[in-house]
Each structure stands twice: as C-alpha cells, then as structure tokens.
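J.: Any chance you can model this:
(one chain, ligands or ions: 1)
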Amino acid sequence: MSYDTNNVFAKILRKEIPSHFIYEDEYVVSFYDIHPKAPTHVLVVPKKAYIDFNDFMLNADKDEVFHVLTDVQKVAQQLDVVKAGYRVVLNVGSGAGQEVPHLHFHILSNKEA
Ligand code: AMP
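T.: Residues are numbered from 1 along each chain as shown. Model (predicted):
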C-alpha cells in the first residue's frame with residue numbers, strides 16, 4: 001500500500017484544511033480530535049508521510065522514532081494530564097479501526113485539559 005497524499009492529516013499538514021496546532025516542532029504537529037472520545041482527546045501527528053506504525057518502525061531512523069515518542073509525552077505534559085493519567089492509542093490498519101492512513105497517536109485522558 002502506498003501513502004495517500006489526499007488523506008485529511010496530509011491536508012492539515014499542507015495547511016489546505018485549517019487546524020489549530022497546540023504543539024508543533026520539527027517532527028510533529030498536535031491538535032484536538034474533532035470527535036473527542038474522552039474529556040481530553042488530542043492527536044500527535046508526525047510531519048513525515050508514514051501510513052501507520054508498521055511503516056514508521058520499519059522506515060524511520062532511530063532519531064526520528066525517539067523524537068516523535070518524546071513529543072507524545074511532551075504534549076501529555078503540556079496538557080497537564082500526566083498526574084491524572086492518560087492513554088496513548090495507536091490504531092494500526094483499517095482492521096483495527098485506523099480511519100486516517102497517516103500515522104497518528106491519540107492521547108486520551110479523563111481529566112479535562
Ligand atoms: P483513527 O481512527 O485512529 O484513524 O483516528 C482518526 C481520528 O482523526 C478520529 O478520532 C477522528 O475523529 C479524527 N479526525 C478526523 N478528521 C479530523 C480533523 N479534521 N481534525 C481533527 N481530528 C480529525
């Protein structure tokens with residue numbers, strides 16, 4: 001399967017669809033999920049075009065894996081949900097419920113950010 005450049009997160013990254021980034025650096029952008037499934041539901045989306053976690057782990061270099069994972073924790077900290085607890089969800093493949101074919105991490109917490 002090749003990367004679909006027309007997926008919604010690719011469009012957000014190209015600024016073709018407006019979005020409010022709560023965090024951005026060289027590696028990721030982060031924004032609130034449009035259909036929240038918890039009081040806090042944020043997405044962390046790597047800037048590079050990876051379809052899913054398999055694609056990322058097989059093709060990203062160690063540095064990028066480290067920085068992206070570090071950013072997921074950094075965003076959780078920024079949201080102030082570390083003490084309350086949070087889940088990091090990665091749906092991998094349509095069979096597991098991945099709707100958008102661009103790698104993204106869900107951060108979910110029962111504490112409102
Ligand atoms: P997944 O099912 O893991 O692919 O998750 C995709 C997530 O993206 C869902 O939770 C959607 O609610 C969310 N989503 C889709 N379009 C947007 C958008 N334009 N802005 C923010 N979140 C979105």
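J.: going forward, measure contacts between C-alpha atoms and count neighbours the same way
T.: OK.
J.: Do a quick rundown of the strands in this structure.
T.: For the chain, applying DSSP state E gives strands covering 23-24, 28-32, 40-46, 87-89, 105-109.
J.: Is the ligand within reach of the longest one?
T.: No. Interface with the ligand: strand 40-46 contributes nothing (C-alpha under 6 Å from any ligand atom), its closest point being 7.2 Å away.
J.: any idea of the angle that strand forms with strand 105-109?
T.: Interaxial angle, strand 40-46 versus strand 105-109 (axes from the mean of the first three to the mean of the last three C-alpha atoms, to 10 degrees): 160 degrees.
J.: Tell me which strands strand 40-46 pairs with, and in which orientation.
T.: Partners of strand 40-46 in the sheet, by DSSP bridges, are strand 28-32 (antiparallel), strand 105-109 (antiparallel).
J.: what's the closest non-adjacent residue to the residue nearest to the spatial centre of the chain?
T.: The structure's the chain has its C-alpha centroid closest to Val44; by C-alpha atoms, centre = their mean the separation is 2.5 Å. For Val44, ignoring the flanking residues on the chain, the nearest one in space by C-alpha to C-alpha, 6 or more residues apart in numbering is Ser30 at 4.4 Å.
J.: residues contacting the one you found?
T.: 21-24, 42-45, 75 (C-alpha atoms under 8 Å, 6 or more residues apart in numbering).
J.: give me that answer again for 6 Å
T.: With contact taken as C-alpha atoms under 6 Å, 6 or more residues apart in numbering, Ser30 is in contact with 21-23, 43-44.
J.: Which PyMOL command selects the buried ones in those?
T.: Burial among the contacts of Ser30 is assessed by 16 or more other C-alpha atoms under 10 Å; the matching PyMOL selection reads:
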select buried, resi 43+44
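J.: Apart from its neighbours in sequence, what residue is nearest Leu108?
T.: Leu108 sits nearest to His41 (C-alpha to C-alpha, 6+ apart), 4.6 Å away.
J.: how close does the one you found sit to Asn91?
T.: Distance, His41 to Asn91, using C-alpha to C-alpha, to the nearest Å: 14 Å.
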